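Visitor: Let's see this in three dimensions:
(one chain, ligands or ions: 1)
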Amino acid sequence: MASVSLDRTSELKERIASREARIGIVGMGYVGLPLALLFSEERFRVTGFDIDYRKVNTLNQGGSYIVRIPGTEIQMAQQKGFSATADYSQIGRMDVVIICVPTPLSEYHEPDLSYVTGTVRSIAPHLREGQLIILESTTFPGTTDEIVVPLLEEGNPRGLRVARDAASSGFYVAFSPEREDPGNDSVARRDIPKVVGGCGAAAADLAGAVYQTIFNRTVPVSSPATAEMTKLLENIYRCVNIALVNELKQLCMRMDIDLFEVIDAAKTKPFGFQAFYPGPGLGGHCIPIDPFYLSWKAKQFDFRTRFIELAGEVNLQMPYFVVENVMEALNRQGKALCGSRVLVLGLAYKRDIDDLRESPSLTIIELLQKRGAQVEYNDPFFPTVGQGRKYVLNMNNTPLERIPEFDCVVIVTDHSQYDYAAIVDQAQLVVDTRNATRGISADHIVRC
Ligand SMILES: NC(=O)c1ccc[n+]([C@@H]2O[C@H](COP(=O)([O-])OP(=O)(O)OC[C@H]3O[C@@H](n4cnc5c(N)ncnc54)[C@H](O)[C@@H]3O)[C@@H](O)[C@H]2O)c1
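Guide: Got it, this is the predicted structure:
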């Protein structure tokens, strides 16, 4: 008689299909909270885990700390069973646990996986048979298989092992990168295909089943390392192309050619060209950081990722280039930067979002201050700004009505609610790093 092998994944698949599966999301930040809300909209009972008690309390009081997410969305999710907790013992009640914690760089530009390893160590004691654990944090290829799986196996008291096929007992592990582009509303999150790589076909299958409930398309790949590398390729592609246009911008300025006009013309080509735009430097939790995860890992294979290093070099010096241009522009008006009053417009790392992480504005402000300028800022998303991991500002938002008091206004973030014609009209001098003043002609605008 032919033996029928047991499919241990079928119960979880049924629970996912019937929405009985409980979903735990670890890390209630820019990635984890919207993901929790998507699952909640799909009628899953979701628990958000975070070690930041302020976030946990805000969420449980039906509030939000992310500008794009109104409190009403949290309250609607609460009605469908959403709650937040800092208590890891609740992990045992979850069927699926998705990890969305930070993956920053250390002071020496090396991967800092402490948030991921800390989270996995906290999950491990509560692991149970048949659970699915998915890592979404961006990281170097090998993290899931070489770091996450061993920590889960070593740390659980029941001696559970990763199940690499549907007949084996144990828990399932997969990696699925987050590909969201904050502030870009042109593509709905559901329409961004979800890449999934499992530790074995069973885990890939289960992770696919979970994500199919909230994404219109899933893209299975052969391993977690392939999925990890896919995310890095996407971000390195952006980083390198942004560096290319940042370098060409500097050349075009010397040649008196408007690079923005060049890009607009080039992008009329229906194939083989994708438009990237120059700016004051990279910002956010992804593009300035993720490529260095790969260059670090590459060293283990005696390999130098030269494109990443060169792009990093070009992009990192862009804030210095902006400050040089401010200095020269003031000079042409017979003023020194030292002692001049400079208003930086936009603190967020990109348009229309409330995220300061790695923002070039922070570096530009620091460089201007070091050179003796009296700097203030305006940003509708930040009424005040204190200090963070890499900056100490302790400033209040300066109202736009005070623009005429400043020797120079530097447009660093092109928020769409700014009235650029009015800004140019009132300012003594404008340095525009984003081409936000396109179409406005005035002698006191310097575009760089
Ligand atoms: N923000 C984006 O646009 C974006 C896009 C794609 C990918 N990613 C990646 O997603 C990951 C998360 O990024 P994010 O922007 O959401 O970060 P975030 O800083 O906004 O949120 C992370 C959350 O994790 C919490 N946290 C840290 N350690 C924890 C622990 N041990 N247990 C529970 N919670 C913990 C923090 O308190 C925070 O609330 C990163 O790897 C990032 O590279 C981010």
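
Visitor: which residues touch the helix or strand hosting L12?
Guide: According to DSSP states H and E, L12 maps onto helix 10-17. Applying CB atoms under 8 Å, 6 or more residues apart in numbering, the set of residues contacting helix 10-17 from outside is A21, D95, V96, G130, L132, A166, D205, L206, A209, V210, T213. Quick note: C-beta positions are derived from backbone N, CA and C, even for glycine.

Visitor: swap the cut-off to 6 Å and go again
Guide: A21, D95, G130, L206, A209, V210 (CB atoms under 6 Å, 6 or more residues apart in numbering).

Visitor: Any idea how far it is from the middle of the chain?
Guide: Centroid separation for helix 10-17 versus its chain: 31 Å, with CA atoms, centre = their mean, to the nearest Å.

Visitor: Let's test this: mean pLDDT of it, rounded?
Guide: In this model, helix 10-17 has a mean pLDDT of 96.

Visitor: Can we start the residue count at 113 from this point?
Guide: Sounds good: first residue 113 from here, last item helix 122-129.

Visitor: Strands along the stretch 263-412 of the chain, start to end?
Guide: In the stretch 263-412 of the chain, the strands defined using DSSP state E, counting those that start in this stretch lie at 284-287, 306-310, 330-333.

Visitor: Which ones, among the contacts of helix 122-129, also lie beside the ligand?
Guide: Near the ligand, judged by CB under 6 Å from any ligand atom, there are no entries from the contacts of helix 122-129.

Visitor: just curious, which of those residues is nearest to the ligand?
Guide: Nearest to the ligand out of those is V322 (CB to the nearest ligand atom; 17.3 Å).

Visitor: pretty sure the closest one contacts V209?
Guide: No: counting by CB atoms under 6 Å, V322 does not reach V209; the two are 10.7 Å apart.

Visitor: Ignoring the adjacent residues along the chain, who's closest to the one residue in the stretch 213-362 of the chain that gets nearest to the ligand?
Guide: Nearest residue of the stretch 213-362 of the chain to the ligand: S249, at 3.3 Å (CB to the nearest ligand atom). With CB to CB, 6 or more residues apart in numbering as the criterion, S249 has its nearest non-adjacent residue at 4.6 Å, and that residue is T215.

Visitor: how about the residues of the protein near the ligand?
Guide: Taking CB under 6 Å from any ligand atom as the contact definition, the chain meets the ligand at 138-144, 161-164, 167, 212-215, 227, 230-231, 234, 249-250, 290, 292, 294, 397-398.

Visitor: which among those end up buried?
Guide: Buried by 16 or more other CB atoms under 10 Å: 138-144, 161-163, 167, 212-215, 227, 231, 234, 249-250, 290, 294, 397-398, out of the residues of the chain next to the ligand.

Visitor: Can you list which of these are found in strands?
Guide: Mapping these onto strands (DSSP state E) picks out V138, F161.

Visitor: Mind pulling up the pLDDT for the closest residue to the ligand within the chain?
Guide: With CB to the nearest ligand atom, the shortest gap between the chain and the ligand falls at G141, namely 1.7 Å. G141 is assigned a predicted lDDT (pLDDT) of 96.

Visitor: measure it to I211 for me?
Guide: 11 Å (CB to CB, to the nearest Å).

Visitor: swap in Q429?
Guide: Relative to I211, and taking CB to CB, Q429 is found at 34 Å.

Visitor: Between the two, which is the more surrounded one?
Guide: I211 (22 against 15; other CB atoms under 10 Å).

Visitor: beta partners for the more buried one?
Guide: V138, L247 (DSSP bridges).

Visitor: Spit out the contact partners of it.
Guide: Going by CB under 6 Å, 6+ apart, the list of residues near I211 reads V138, T231, L247.
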